[in-house]
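> I would like the atomic coordinates for the input below:
(chains A and B)
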Protein chains: 2
Amino acid sequence: MRSVTKDNITEVFTSYLGENTDPRVREVLSAMARHLHDFAREVNLTHEEWRTGIAFLTRAGEITTPERQEFVLLSDVLGLSSLVDMLHSTPEATSSSVLGPFHVSNPPPLAFGGDMKRQYEGKVVLVEGTVRGTDGNPIPGAQIDIWQTAPNGMYSSQDPDQDIHSFHGLMTANDKGRYAFTTVRPVEYTVPSDGPVGDILNAAGRHPWRPSHLHYIVTADGYRSLVTEVFPEDDPYLDQDTVFGVRDDLVMKYVEQPADSFPDGYELSGTVKGTYLRVDFDLVLAPSI
Amino acid sequence: MRSVTKDNITEVFTSYLGENTDPRVREVLSAMARHLHDFAREVNLTHEEWRTGIAFLTRAGEITTPERQEFVLLSDVLGLSSLVDMLHSTPEATSSSVLGPFHVSNPPPLAFGGDMKRQYEGKVVLVEGTVRGTDGNPIPGAQIDIWQTAPNGMYSSQDPDQDIHSFHGLMTANDKGRYAFTTVRPVEYTVPSDGPVGDILNAAGRHPWRPSHLHYIVTADGYRSLVTEVFPEDDPYLDQDTVFGVRDDLVMKYVEQPADSFPDGYELSGTVKGTYLRVDFDLVLAPSI
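Presented below is the predicted three-dimensional model:
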C-alpha cells in the first residue's frame, strides 16, 4: 500500500503478511503491531522517547550474558512473565509463579525429612506438605525440586562463598505423597537494579524488592509440571513484589513452635534455639491434557 | 496489592508507580504495560512463545554493534519508526521519512549543479527543485544533505569498494532556494535479513526489499529540520516498502529526456548515452515552533 498514514499503518502491516503465513504467527504479529502502534499513537511517542527506547534495548543487550538475562528481568518487572504464568494456570491446581534465574541444574538429592540448612545460621524452619492431584488424591513419587536464598539474601549462583548446591534439593514424595525438609527462613532480596531495568524502576519510583519465598518445581507422570514459589504472609514486600509473583493461594504461614516440640525423624544440622517455624503447604497438580 | 490476577495486573502495575514519578514517565509506562498486558491476554501468549520472544531479543542484542542496529531495524519493519515520524510531521510541509543507518557524518560539499555521479556507470539523473517554507517562499541558503545507493545497491558504508563519501553530498540552496545535482539512478535494496529480524520477515512471509530512493536532510535557520526520502513512482516495491517509508507526497517521477536536451551549467562525469532522467522535487519546511 502506497499511502501509509499514521491511521492506516496497522492495516498496511497486516496487508504485508504473506498469504501462506502460519495462522498463529499472523495472529501474534498482527496483535503485536496493533498494540505497538496504538501505544505510540496514544502517548504521541516522540523521537526522543523512541531513541531512549532503542538505547534501553541496546544496553539491555550489552549487559545480558548467560548469567544475567536483562530481557527476562524486563519482562518480570513489567508483569509480563507473571501474566503468562497466570494465563496458563489451572484454577484448581496450585498457581504457578516465576521461575527466576537462580535455579541450578542437577540439584543434590534430598531425602524425606532431610536437611537443607546445613551449616548456615538462621531461624530454623520445618516445611512439609502433600503433593496431590486436583482430585484430592496424593501423588506418591512426585519429584520436588526446591531452592531458596541463603540467610544473606543470595542464591548459591550469586554467592562465591556458597557451594553451588547450597539451599537446593531434589526430593521424592513418599508413599503418602508427603514431602518434608528442614531449612532456615529465606529472606527478601532485590532484583538486579544496576542495569537498564534498574533505571526503569528508578524512573518509575519503584523499589527492586521481592518478598522472601521458597521455590518449587513439581513434576509427576500424568500431571502438568508446576513451577511456583510460596511466600510468608508476614513479609513486608508481600503486597509489592516487584515481579508480581504473589498469588492468593501461594501465601503460607510460619507457625512458631517451641524447640521441645521439634519432631523426631527430621534431619537438622545444629539445634533449635528457643523456637522454630513450621510451614504446611500442599502442592496441587493438574492432570496432563 | 497481594491478589495479582490476570485481570488486575495492569492496575497493580500502575499502583506500584511512585507518587512523585514524572507525569510523562507515568503516562508512557502505564500505557506500555496496558498494551503489553492486553496483547498477551488477547493472544493468550504461551510460555513457549514468551521464550521465543526472549530469545529473539537476546539474539538482537548479540548481533547489534555500532555498525549494525538490530533494534532499530526491528522498529523499522514493525512500522514503529515510520509511525513516530508521521506523528510528528507537519501536514503542510514535506513528510518526514526514516533516516536509516547509512548516513555518514561530514559529507563532502557539493556545488549547485554539482556531480554526485563521479565515475560510476548507470542511468544519468538530473535532480533539482526548490527548498521553500510552508508559506511558499524559497529558502536561500538552506543546507541539503543528500545520499543514496550506488548502482550496485550498496551505500558507501556497506561497500569496501566505494570511497566513504561516494553518493553523499552537502549542498547549499542558491539565492532562489534552488538545489540541483547530477547522479545515477539509485536502486532498490534489501534491509539486513541474516539476523533475527530477517527471521521475523521470513516467518511473516514478508520480503526484505525497500523501493529505491534518494535521502535528504534539510536544515535552515528558523525552520524545523526535515529528514526524508523520495521514491520513484515506477519502483516495483513502492507499494510494499518493508520499512513503511513511502508517503503520498514523497513519490516523484523520472522524466526521460533526450541526451541533446541536457542543460548547460551542470557538472557530469562522462556523457549522457541516449537519454537521461530528470526529477523535479520541492522540499517544503515548516517553521520552527
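
> thought residue A:208 was touching residue A:198, still the case?
Yes - between residue A:198 and residue A:208 a contact is recorded at 6.6 Å, counting by CB atoms under 8 Å. For glycine as for every other residue, the C-beta is placed from the backbone atoms N, C-alpha and C.

> which neighbours do the two share?
residue A:192 (CB atoms under 8 Å, 6 or more residues apart in numbering or on different chains).

> in the stretch 151-289 of chain A, which spans are helices?
A:196-204 (DSSP state H, counting those that start in this stretch).

> closest residue of it to chain B?
Nearest residue of the stretch 151-289 of chain A to chain B (CB to the nearest CB) works out as residue A:205 at 1.7 Å.

> report the buried residues of the lengthiest helix in chain A.
Longest helix in chain A, counting residues (DSSP state H): helix A:23-43. Residues of helix A:23-43 classed as buried by neighbour count (16 or more other CB atoms under 10 Å in any protein chain shown): A:25-26, A:28-41, A:43.

> stretch A:233-253 now?
A:235, A:237-238, A:240-247, A:249-252.

> stretch A:74-92 too?
A:74-87, A:89-90.

> could you list the domains of chain A?
A:1-45, A:80-285 (automatic domain parsing).

> close to chain B, is the first one?
Spelled out, it's domain A:1-45. Yes - judged by CB under 8 Å from any CB of the partner chain, domain A:1-45 comes into contact with chain B through A:1-6, A:9-10, A:12-13, A:16-22, A:25-29, A:31-33, A:35-45.

> what is the mean pLDDT for that domain?
Mean pLDDT, domain A:1-45: 95.

> next SSE downstream of the longest helix of chain A?
helix A:47-63 (DSSP states H and E).

> buried residues, that following helix. List them.
So, applying 16+ other CB under 10 Å, buried residues of helix A:47-63: A:49, A:50, A:53, A:54, A:56, A:57, A:58, A:59, A:60, A:61, A:63.

> could you dump these into CSV with pLDDT and distance to chain B added?
Converted to CSV, those look like this (pLDDT from 0 to 100; distance: CB to the nearest CB, whole Å):
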residue, pLDDT, distance to chain B
A:49, 98, 7
A:50, 97, 5
A:53, 98, 8
A:54, 97, 5
A:56, 98, 9
A:57, 98, 4
A:58, 98, 6
A:59, 98, 9
A:60, 98, 7
A:61, 98, 2
A:63, 97, 9
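
> tell me the one of the residues you listed nearest residue A:186?
residue A:63 (26.2 Å; CB to CB).

> I'd say the closest one and residue A:70 touch.
Yes - counting by CB under 8 Å, residue A:63 touches residue A:70, with 5.1 Å between them.

> what do the two both touch?
Common neighbours of residue A:63 and residue A:70 (CB under 8 Å, 6+ apart) are A:195, A:196.

> quick revisit: who are the packing partners of the longest helix of chain A?
helix A:9-16, helix B:23-43, helix B:80-87, helix B:196-204 (3 or more CB pairs under 8 Å, 6 or more residues apart in numbering or on different chains; DSSP states H and E).

> tilt between it and helix A:47-63?
Going by axes from the mean of the first three to the mean of the last three CA atoms, to 10 degrees, helix A:23-43 is angled at 130 degrees with respect to helix A:47-63.

> what's next to helix A:23-43, contact-wise?
With CB under 8 Å, 6+ apart, helix A:23-43 has contacts from A:6, A:9-10, A:13-14, A:17, A:45, A:49, B:27-28, B:31-32, B:35-36, B:38-39, B:42-43, B:45, B:49, B:78-80, B:83-84, B:87, B:200, B:203-204.

> fine, thanks again, bye for now.
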